[in-house]
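**Student:** Just to be clear, the model below is a prediction. Sequence and coordinates:
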Amino acid sequence: MKYSSQNYSTALILGTKNVSSTELDIRVKNFLAQIVRNGDFSNISKILYQIEVDQAKALGGKVIDIEFAREMDRILPEELFKVFSQQDIVNIRINSKLIAGVRVTVNGEREFDNSLHGKLNKVFKFEAW
């Protein structure tokens, strides 16, 4: 990447503060065009995630990604969202690679991995020593 996702995020957030909706559209289009010109469009998901994290932090919240191995029948989404503040952005998705369990990531940095896949990785790394 020519610039880090943090640099792109900061540029977009600072460049779109206190602008009209028409001006916002123009600035976002120019921002995306600049990412393409820099050859960084292949990293757009990282850039957008960093923007999401920075916006949540600015509002006093966090971005929480919750991955389940399969659909959860016992946990209703309403009950799950009661645990988090209104400023938090909660993304829930199914990840079949987990085999079983759940993985929670906060702001793309801290991770709680209670999945079978994560536990197996720890066991096999330990045995390699």
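**Tutor:** That came through, no problem. Numbering: from 1, shown residues only.
**Student:** which residue is nearest the centroid of this structure?
**Tutor:** In the chain, the residue lying closest to the centroid (CA atoms, centre = their mean) is residue 49, at 4.5 Å.
**Student:** what's it in contact with, if anything?
**Tutor:** For residue 49, the contact set (CB atoms under 8 Å, 6 or more residues apart in numbering) comprises 5, 63, 108. C-beta: built from backbone N, CA, C; applies to glycine.
**Student:** Secondary structure element holding it?
**Tutor:** Using DSSP states H and E, residue 49 maps to helix 44-58.
**Student:** what do you get for residue 105?
**Tutor:** Going by DSSP H and E, residue 105 is part of strand 101-106.
**Student:** Ok, residue 3 next?
**Tutor:** Using DSSP H and E, residue 3 falls within no helix or strand.
**Student:** Next, count neighbours for it.
**Tutor:** Counted with other CB atoms under 10 Å, the neighbours of residue 3 add up to 15.
**Student:** What segments of the chain are helices?
**Tutor:** With helices called from DSSP state H, the chain shows them at 5-15, 21-37, 44-58, 77-81, 116-128.
**Student:** Need the phi and psi values for the residue lying closest to residue 57 once chain neighbours are set aside.
**Tutor:** In this structure, residue 57 finds its nearest non-sequential neighbour in residue 107, 7.4 Å apart by CB to CB, 6 or more residues apart in numbering. Taking degrees, to the nearest 10, you get phi 50, psi 30 for the backbone angles of residue 107.
**Student:** My guess is residue 107 contacts residue 53. True?
**Tutor:** Yes. Between residue 107 and residue 53 there is a contact at 5.0 Å, judged by CB atoms under 8 Å.
**Student:** give the contact list for residue 50.
**Tutor:** Applying CB under 8 Å, 6+ apart, the residues near residue 50 are 5, 6, 8, 9, 108.
**Student:** Would you mind listing which of those residues are buried?
**Tutor:** Neighbour counting by 16 or more other CB atoms under 10 Å classes 5, 8, 9 among the contacts of residue 50 as buried.
**Student:** Which single one of the residues you listed is nearest to residue 40?
**Tutor:** residue 8 (7.5 Å; CB to CB).
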